[in-house]
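> Any chance you can model this:
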Amino acid sequence: MGLLNVIRRMALREKLPIREISRRTGLSRNTIKKYLRAGTIEPKFNVPARSSKLDPYAEKLAAWLKTEAAKSRKQRRTLKQLHGDLVALGYTGSCNRVAAFARKWRVARQREQQTTGRGIFVPLSFRPGEAFQFDWSEDYAVLGGERKKLQVAHIKLSHSRAFLVRAYLLQTHEMLFDAHWHGFRVLGDVPERGIYDSVH
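From the prediction side, this is the model:
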């Protein structure tokens, strides 16, 4: 996580004073105030655009890396081999430049895979009243001398972790709505949003 994200989390979510943020991060109070006033997520530096000998071959190399990533580890070409193949096409730069490009490409690909169709990020800290979590589980109880399977609704406030559990004989829409109604009634309010486990 970037340092500015940490500073913003400490100031805005955890409501820590500037002095405490300064102590924890080692940054001056003026620097912290400047970052918070700017509202930026990460500092921006003016880096002059430099052309690289690899630029004309970047698209080709990215395509090769994508193809190699789909192969088993033993079948993949090494970075030296990829560099040699680029040299055969006219590239005159170093193998280190190819390795740096490959590292950046892998990081970008990994980030893309984590954020595309791989689930949704759920923050682990919440403001009071921001969210509740809901899920079902199954359990058994003896009712009237007979062992019965129960559908158990769990509703929990994400900030305080206060919860309510209600058991039903069936898992229907009526039971779902009933569980929510009782949960919000007992817990005292309706949070801004609900977090649900994926539907099977």
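
> Please point out which parts of the helix or strand in which residue 186 is found sit buried.
For residue 186, the element it lies in under DSSP states H and E is helix 173-187. For helix 173-187, a neighbour-count test (16 or more other Cβ atoms under 10 Å) marks 175, 179-180, 183, 187 as buried. All C-beta atoms are positioned from the backbone trio N, CA, C, and that covers glycine.

> how far out from the middle of the chain is the helix or strand containing residue 67?
Following DSSP H and E, one finds residue 67 within helix 58-69. Chain-centre distance of helix 58-69: 26 Å, with Cα atoms, centre = their mean, to the nearest Å.

> wait, what's in contact with residue 79?
Neighbour list for residue 79: 95, 98-99, 102 [criterion: Cβ atoms under 8 Å, 6 or more residues apart in numbering].

> on that earlier part again, I'd like the next helix or strand past the helix holding residue 67.
helix 79-88.

> got the buried residues for whatever helix or strand comes next after that next one?
For helix 79-88, the following helix or strand on the C-terminal side (DSSP H and E) is helix 95-115. Of all the residues in helix 95-115, those buried under the rule 16+ other Cβ under 10 Å are 98, 101-102, 105.

> Between those residues, which sits nearest residue 10?
Here the nearest of the buried residues of helix 95-115 to residue 10, counting by Cβ to Cβ, is residue 105; it sits at 33.1 Å.

> Count the neighbours of the closest residue to that closest one other than its chain neighbours for me.
Take residue 105 and drop its neighbours on the chain: the residue closest to it by Cβ to Cβ, 6 or more residues apart in numbering is residue 65, 5.2 Å away. Residue 65 sits with 19 neighbouring residues when counted by other Cβ atoms under 10 Å.
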